[in-house]
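>>> sequence? don't have it. structure:
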C-alpha cells in the first residue's frame, strides 16, 4: 500500500486479493468434493453422491464469509492515518 492511497483503493486492493485466494481455494475444494463424493458413492445409501444445491449453498456461504473477512480489516485499516501509524511503530 502506498502512503497516499485513497481509502477506497486500499479496500479494493485488500478485498480483491483476498477474494481471489478464496475463490481459488473454493474451486479446488469443490473439485475435490466432487471426486470424493463420486469415490464414496458405493458407501452412500439413499443419499446422492453429488448434491449440487448443497455444493452451491456452501460455496456461497464460504465466499460471503471470505468477502466479509477481507472487507472488515481493510475498512478499519483504510480509516487510519498512515503517518501516525508509522510514527507509533
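It's in. Small disclaimer: the values here were computed from a predicted structure and weren't measured. Residues are numbered from 1 along each chain as shown.
>>> and residue 12, what are its phi and psi?
Per-residue torsions, residue 12: phi -60, psi -40 (degrees, to the nearest 10).
>>> Three-state assignment for the nearest residue to residue 40 once chain neighbours are set aside, please.
Counting by C-beta to C-beta, 6 or more residues apart in numbering, residue 49 is the residue found nearest to residue 40 once chain neighbours are left out, at 6.9 Å. Quick note: C-beta positions are derived from backbone N, CA and C, even for glycine. Assigned with DSSP: H, G, I helix; E, B strand; the rest coil, residue 49 falls in the coil class.
>>> residue ranges of the helices in the protein, please?
Remark: helices assigned in the chain by DSSP state H are 7-39, 52-79, 82-88.
>>> Could you list the low-pLDDT ranges of this protein?
Across the chain, the ranges flagged by pLDDT under 70 are 1-3.
>>> one step back: would you mind measuring from the residue nearest to residue 40 to residue 59?
Distance, residue 49 to residue 59, using C-beta to C-beta, to the nearest Å: 17 Å.
>>> now residue 10
Following C-beta to C-beta, the distance that separates residue 10 from residue 59 is 27 Å.
>>> Compare these two (neighbour count), which wins?
Between residue 10 and residue 59, counting by other C-beta atoms under 10 Å, residue 10 is the more crowded of the two (19 against 16).
>>> which residue sits closest to the more buried one, ignoring its sequence neighbours?
residue 78 (4.5 Å).
>>> The one you found touches residue 8, doesn't it?
Yes. Checked against C-beta atoms under 8 Å, the pair residue 78 and residue 8 is within contact range at 7.5 Å.
>>> Who has more neighbours out of these two?
residue 78 (18 against 10).
>>> In contact with that one, which residues?
Residues in contact with residue 78, defined by C-beta atoms under 8 Å, 6 or more residues apart in numbering, are 7-8, 10-11.
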